[in-house]
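>>> Model the following, please.
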Amino acid sequence: MSAARILVADPLSPAGLDILRAGGAEVLDVSSEGRAAVEAAIGDCTALLVRSRTQVDAALLALAPNLRVVGRAGVGVDNVDVFEATRRGVLVLNAPNANLISATEHSFALLLALARQLPAADASMKRGEWERSRFLGVELQGKTLGIIGFGRIGQKVAARAQAFEMKVVAFDPWLDKEIASRLGVPLLGLDALLEAADAVTFHVPLTPETKNLLSSERIARMKPGALLVNCARGGVVDEAALLAALDSGHLGGAALDVFAQEPPVDPRLVAHPRVVATPHIGAQTVEAQERVSSEVARMVLDALAGSYAVSAVNLPFSADASGAGPFLLLGEQLGRLGTALAGGKVDSLEVDLRGVPEAFGAAVSLSVAKGALDRALGDAVNYVNVEWLARDRGIELVRTLHPRRGETGEQVGLRIQGAEGEFSIGGMLYADRQPRLIRLGTLPLECRLEGHLLLLRSWDVPGVIGKVGTKLGTLGVNIADIHLARKDGERDAWTVYRVDQQLTLEMIAELAALPEVRRVFDLDLSRG
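Here you go, the predicted model:
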């Protein structure tokens, strides 16, 4: 068997390159030559290693018929077209743990720098000035730190804050309160946290739910003079609203390592006297760069050798080769839908498999959990870490496998316990192998699990569908198809509308205001 030919498109620590060569791979390093060199060399390469610079888009993947693995030396895969890679059977790997300590320490470094005005004081000294009275800081001891996103980095930031004798509160609707309690950190609602905190730090991925999570309305809830630190992802803070709050003096300052657009186009926020800014260097330490390079190099070699015990952000094996792909997509879509219906936070997932090949059982149950955690964790959850991420959040995952097929095909049932009680749904694969919903609770309902779905629970009275359709029309929302579920003699009914766009919160509120409508759920399954 010929040696693996691995293309290195972006600069990596030599530690990773040494691992690749020691593993018998042929390494082609074009990291100093730009996009044209990558395009010219990728045709006969079996693996591609990138950081954030190279865009692994559909055009580049089309030039790589032999490509089996893309390794992203970092956490986020925003520069990789994961859907196109998956369609082509290319495994996408990342290194989610390598920069954990560096990101934690940078967050706390920015908090200290902001509290004591260190960058401005340093700049003053370099200008030959001596202005002690100008740089009046604040102590962290006794202050309350609000941590938004209480995963691995958030928990490590909390430990450091507690060592500084700070009070710590956290917001994470996906985390079990008992886990936070064991760490001595109360979990609060987002608004309550913002009202209580003297400083706020972010540790959440950028997802549709977290985009502009800190809006102008929420900034207004923060204490006058509060500090803000964001080393997570640009876009979770509304930058225009933040700039206005800094200009008005409502916020005491902000420390930012990430921005909605990088590098920032508008210089006003970065140049603001109340802002400490760094150019996305949270992972820029010698140790983190060595770890991330070494970690992704080892995983690429393992993946090329046929192992799936790697941190994959897409399918951990070729769907075409294994036949598991349609089952995994069905499981993920059911997990996304079930979580939305159950109110977001998940306590338990019971997966019932009928007719699903036994070899796929564990993977399909994990795909349900992956879909359930997708809204909270985005790219951070994958088939390798989903089980322990679920366990870390106190989520019980139970699987039951029935080898015999259902009456019409392979079926996956899900009973989910969440913030709003228990809910059950069922799905299956038909001959076209496309995932379909076949049951909502006890009501039979068939629809494709794809695109933008609008689910309405309503009273079964005349005129509901007409009123909803008219309302959607006035809102400019086009309906692709409608599916209705009800039982004769009962007032409870469900309707699923497939629409051409995701609804805004204002649109959902208008639908929910209709007297016949009991609940409205808007779900984007296009990422599936």
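>>> contacts and neighbour counts: CA atoms only from here.
OK.
>>> what's the weakest-modelled helix or strand in this structure?
Least confident helix or strand, the chain: helix 319-322 with a mean of 49, by mean pLDDT, DSSP states H and E.
>>> residues in contact with the next helix or strand after that one?
Note on helix 319-322: by DSSP states H and E, the next helix or strand toward the C-terminus is helix 325-341. For helix 325-341, contacts defined as CA atoms under 8 Å, 6 or more residues apart in numbering pick out 315, 318-319, 345-346, 356, 363-365, 367-375, 412, 414, 416, 418, 423-429, 433-437, 449-450, 521, 523, 525, 528.
>>> just stretch 515-528 next, same as before
Contacts with stretch 515-528, where a contact means CA under 8 Å, 6+ apart, come from 329, 332-333, 336-337, 340-341, 449-459, 461, 464, 502-503, 508, 511-512.
>>> Can you flag the buried ones in these?
Among the contacts of stretch 515-528, those classed as buried by 16 or more other CA atoms under 10 Å are 329, 332-333, 336-337, 340-341, 449-459, 464, 502-503, 508, 511-512.
>>> All the strands of the stretch 301-450 of the chain, residue numbers only.
Using DSSP state E, counting those that start in this stretch, the strands found in the stretch 301-450 of the chain span residues 346-354, 396-402, 410-418, 421-429, 435-440, 443-448.
>>> Next, the angle from the first one to strand 396-402.
This points to strand 346-354. Interaxial angle, strand 346-354 versus strand 396-402 (axes from the mean of the first three to the mean of the last three CA atoms, to 10 degrees): 10 degrees.
>>> Now residue 47: phi and psi?
phi -150, psi 150 (degrees, to the nearest 10).
>>> go on, the one 3 residues further on?
The phi and psi values for residue 50, taken as degrees, to the nearest 10, are phi -140, psi 160.
>>> Which residue ranges of the stretch 351-500 of the chain form helices?
361-377, 386-392, 464-474 (DSSP state H, counting those that start in this stretch).
>>> Please indicate which of the contacts of helix 325-341 are buried?
315, 318-319, 345-346, 356, 363-365, 367-375, 412, 414, 416, 418, 423-429, 435-437, 449-450, 521, 523, 525, 528.
>>> What's the biggest helix in this protein, counting residues?
helix 286-304 (DSSP state H).
>>> and residue 157, how many neighbours?
25 (other CA atoms under 10 Å).
>>> Ok, residue 40 next?
Neighbours of residue 40 (other CA under 10 Å): 12.
>>> where in this protein is pLDDT low?
1-2, 308-309, 315-322, 379-380, 384, 404-408, 489, 527-528 (pLDDT under 70).
>>> got the domain boundaries for it?
Residue ranges for the domains of the chain, per automatic domain parsing: 5-97+287-314, 100-277, 317-450, 451-528.
>>> Show the end-to-end separation of the second one, please.
Across domain 100-277, the straight-line distance between its terminal residues is 20 Å, by CA to CA, to the nearest Å.
>>> Ok, stretch 182-190 next?
Stretch 182-190 has an end-to-end distance of 20 Å (CA to CA).
>>> Also stretch 334-352?
Where stretch 334-352 begins and where it ends lie 12 Å apart, using CA to CA.
>>> From the chain's centroid, how far away is it?
16 Å (CA atoms, centre = their mean, to the nearest Å).
>>> so which helix or strand takes in residue 27?
Counting by DSSP H and E, the element that carries residue 27 is strand 26-29.
>>> For that strand, which helices and strands make contact with it?
Secondary-structure packing of strand 26-29 (3 or more CA pairs under 8 Å, 6 or more residues apart in numbering; DSSP states H and E): strand 5-8, helix 14-22.
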